[in-house]
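Peer 1: Next input, structure requested:
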Amino acid sequence: MPAPEPSVSPSSARRPHAPARDRYDAVIVGGGHNGLVAAAYLARAGQTVLVLERLDTTGGAAISTRPFAGVDARLSRYSYLVSLLPRKVVRDLGLDFAVRKRTVSSYTPALRDGRPTGLLVGGDRARESFAALTGGEREYAAWQRFYAMTQRVAERVFPTLTEPLPDREVLRARIDDADAWRALFEEPIGVAVERNFTDDLVRGVVLTDALIGTFADAHDASLLQNRCFLYHVIGGGTGDWDVPVGGMGALTDALARAARTAGAEIRVRHEATRIETDGGHAEVTVRTPDGDQTVAARRVLVNASPQALAALLGETPPPPAEGAQLKVNMLLTRLPRLRDRSVDPRQAFAGTFHIAEGYGQLADAYREAAAGRLPTAPPSEIYCHSLTDPSILGPELAARGYQTLTLFGLHTPARLFAADNETARATLLKATLAELDAHLEEPITDCLALDETGEPCIEAKTPLDLERDLRLPGGHIFHRDLSFPYADEGVGRWGVETAHANVLLCGAGAVRGGGVSGVPGHNAAMAVLEAP
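Peer 2: Here you go, the predicted structure:
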């Protein structure tokens, strides 16, 4: 669940200001990964930088925690995979941070003629798996052609994310592929999926990348699903989704070290509650454990949602965002046995394990949720971090064969939880695990570890939980609907500009934001450094 980290005030009300105690070149509101990226770049350029973080630690949604009492397992609690982080950022900031490739891209279990089977993508069994599932070579050949096309697009688009925004026609010329442009930027992605593939399960596996944290139909005329798909296939110029070694917290810890080493000051438990600016000078009111303070700055970079930015400035917020996902963390004593005996569980869970994500199933789930009902067969995808990177487990747990599972549910918009979040969460979790159990030889609950109190090691977060815990507007992991990575009317040179010359948006709500990328943080820093 790639997600950003806001730090905002619950109120935009004006309060009397204490005298300004400090003056900085840049004050950064929010110590999540994008804010830390911006801080490190600016401090390395010799600027005086202050980072204000509401919580008692930096990292926001890109953190590692021990969510289960007395259990030595550090899980990437919210965001969990890295695809969009440019190596340029890692190199520029000298980050001590590594990722590992997954040996399998995905596994999707299925029933064909009453027989358990599945589609294994990646490794040396993909061709065989496609043939066994679909009865021929056609779908595998179509898969190869389709993802060769997305990789060509990735190679051309990904480098632009850390450059000034190209306009639409410049990006189109850079891609230089009319068919790819039409499929990804002009027609609903459902058209391309149906044109290229015939098997319902294969179609569903392709479509899932368009629906992560995004509530849309395959044929939505807004192309919201296309924007989501694009960001999930261009990462690194290859489309790979990488596992962060040590968990997501290893990245944000490295960023915090880089920022501090460069000279940035980071204050936790310091919440920005107000920004006042005349375009050339700004003052930030800060709620601290010792009372309110005022900090002066030439520029303010806000690593929070557009809604939070508006509240800080006392302005009218943009239309509300709505998240649409269920995040479940589990710790298992062992991986469950599968009904499909042709694949080892260590292979099946090494990549993304798709549940109830056939093309028709995804359409049914969307229709039910759009009508205000929890999906009968909730779609979800699972991965096992500890198979690729066992370092997140304590030595004793690793020696005993424990494993982590992260489940990310689709098509569960925040509106479905508004009446009774607790009941809806419990109902959805039960139905989601039942869909998983349909492909297992043993219930997943039989494999759950117990914490020190004897409770099963499982936690679930709805959009409303994320809104409460991280102040994500509507629980939206991207802060707002994703945008295509080109300049549109009213968008500035870097996609981070606001109506105020010295206030920039450096969080996921910036153009080319969303996911764990550091791109908005980099771009906001570049906008500052090239300004007079």
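
Peer 1: Three-state assignment for residue 164, please.
Peer 2: Look at residue 164: counting by DSSP: H, G, I helix; E, B strand; the rest coil, its state is coil.

Peer 1: so it touches residue 493, yeah?
Peer 2: Yes: counting by Cβ atoms under 8 Å, residue 493 is a contact partner of residue 164 at 5.0 Å. Quick note: C-beta positions are derived from backbone N, CA and C, even for glycine.

Peer 1: Least confident secondary structure element in this structure?
Peer 2: One helix or strand of the chain scores below all others by mean pLDDT, DSSP states H and E: strand 20-29, with a mean of 85.

Peer 1: so what strands line up beside it?
Peer 2: Strand 20-29 has the following strand partners under DSSP bridges: strand 49-53 (parallel), strand 291-302 (parallel).

Peer 1: Out of those, which is closest to residue 403?
Peer 2: Across the strands paired with strand 20-29, residue 403 has its closest neighbour in strand 49-53 (32.1 Å, Cβ to Cβ).

Peer 1: How far off centre is the closest one?
Peer 2: Distance of strand 49-53 from the chain centroid (Cα atoms, centre = their mean, to the nearest Å) equals 23 Å.

Peer 1: So what touches it?
Peer 2: Contact partners of strand 49-53, identified using Cβ atoms under 8 Å, 6 or more residues apart in numbering, comprise 7, 22, 24-31, 35-36, 39, 42-43, 58, 259, 263-272, 284, 286, 295, 297.

Peer 1: buried ones in the helix ranked longest in the chain?
Peer 2: Ranked by number of residues, the top helix in the chain under DSSP state H is helix 138-157. Using 16 or more other Cβ atoms under 10 Å as the test for burial, helix 138-157 gives 139-140, 142-143, 146-147, 149-151, 153-154, 156-157.

Peer 1: For residue 126, state which of those is nearest.
Peer 2: Of all these, residue 126 sits closest to residue 140, with 7.0 Å by Cβ to Cβ.

Peer 1: Nearest to residue 438 among the buried residues of helix 138-157?
Peer 2: Of these, the one sitting nearest to residue 438 (Cβ to Cβ) turns out to be residue 139, at 23.3 Å.

Peer 1: Need the pLDDT of that closest one.
Peer 2: With respect to pLDDT, residue 139 has a value of 97.

Peer 1: OK, contacts around it?
Peer 2: The contact partners of residue 139, by Cβ under 8 Å, 6+ apart, come to 130, 133, 197, 198, 199, 202.

Peer 1: For residue 381, see how far away residue 338 is.
Peer 2: Distance from residue 338 to residue 381, counting by Cβ to Cβ, to the nearest Å: 16 Å.

Peer 1: Also residue 365?
Peer 2: Taking Cβ to Cβ, one finds residue 365 at 13 Å from residue 381.

Peer 1: And for residue 524?
Peer 2: Applying Cβ to Cβ to residue 524 and residue 381 gives a distance of 31 Å.

Peer 1: on that earlier part again, so for residue 253, which of the strands paired with strand 20-29 sits nearest?
Peer 2: strand 49-53 (13.6 Å).

Peer 1: which parts of that closest one are buried?
Peer 2: Buried, per 16+ other Cβ under 10 Å, within strand 49-53: 49, 50, 51, 52, 53.

Peer 1: what is the first one paired to in the beta sheet?
Peer 2: In this structure, residue 49 has beta-bridge partners residue 26, where bridges are defined by DSSP bridges.

Peer 1: pLDDT averaged over the host helix or strand of residue 251, what's the number?
Peer 2: Counting by DSSP states H and E, the element that carries residue 251 is helix 248-262. Mean pLDDT, computed over helix 248-262, is 97.

Peer 1: Equivalent analysis for stretch 220-228, please.
Peer 2: For stretch 220-228, the per-residue pLDDT averages 98.

Peer 1: quick one: that stretch to chain centroid distance?
Peer 2: Stretch 220-228 has its C-alpha centroid displaced from the chain centroid by 17 Å (Cα atoms, centre = their mean).

Peer 1: what does stretch 411-419 give?
Peer 2: Here stretch 411-419 is found 19 Å from its chain centre; the criterion is Cα atoms, centre = their mean.

Peer 1: can you check stretch 187-204 too?
Peer 2: 24 Å.

Peer 1: Could you work out the end-to-end span of that stretch for me?
Peer 2: Its start and end residues considered, stretch 187-204 measures 18 Å (Cα to Cα, to the nearest Å).

Peer 1: buried stuff in it?
Peer 2: 188, 189, 190, 192, 193, 196, 197, 199, 201, 202, 203, 204.

Peer 1: Could you find the closest non-adjacent residue to the fourth one?
Peer 2: Among residues not flanking residue 192 along the chain, residue 183 sits closest, at 3.9 Å (Cβ to Cβ, 6 or more residues apart in numbering).

Peer 1: Quick check: that neighbour vs residue 223, distance?
Peer 2: Distance check for residue 183 against residue 223: by Cβ to Cβ, it reads 11 Å.

Peer 1: joint contacts of the two?
Peer 2: Counting by Cβ under 8 Å, 6+ apart, the shared contacts of residue 183 and residue 223 are residue 189.

Peer 1: Looking at the two, which is more packed in?
Peer 2: When residue 183 and residue 223 are compared for neighbours, residue 183 comes out ahead with 23 against 19, by other Cβ atoms under 10 Å.

Peer 1: In this structure that one contacts residue 149, no?
Peer 2: Yes: the pair residue 183 and residue 149 qualifies as a contact (Cβ under 8 Å) at a distance of 7.4 Å.

Peer 1: Count the residues that sit near residue 516.
Peer 2: Residue 516 has 30 nearby residues by other Cβ under 10 Å.

Peer 1: For the stretch 151-300 of the chain, just list every one of the strands.
Peer 2: Ranges of strands in the stretch 151-300 of the chain, per DSSP state E, counting those that start in this stretch, are 243-244, 265-268, 271-277, 282-288, 291-302.
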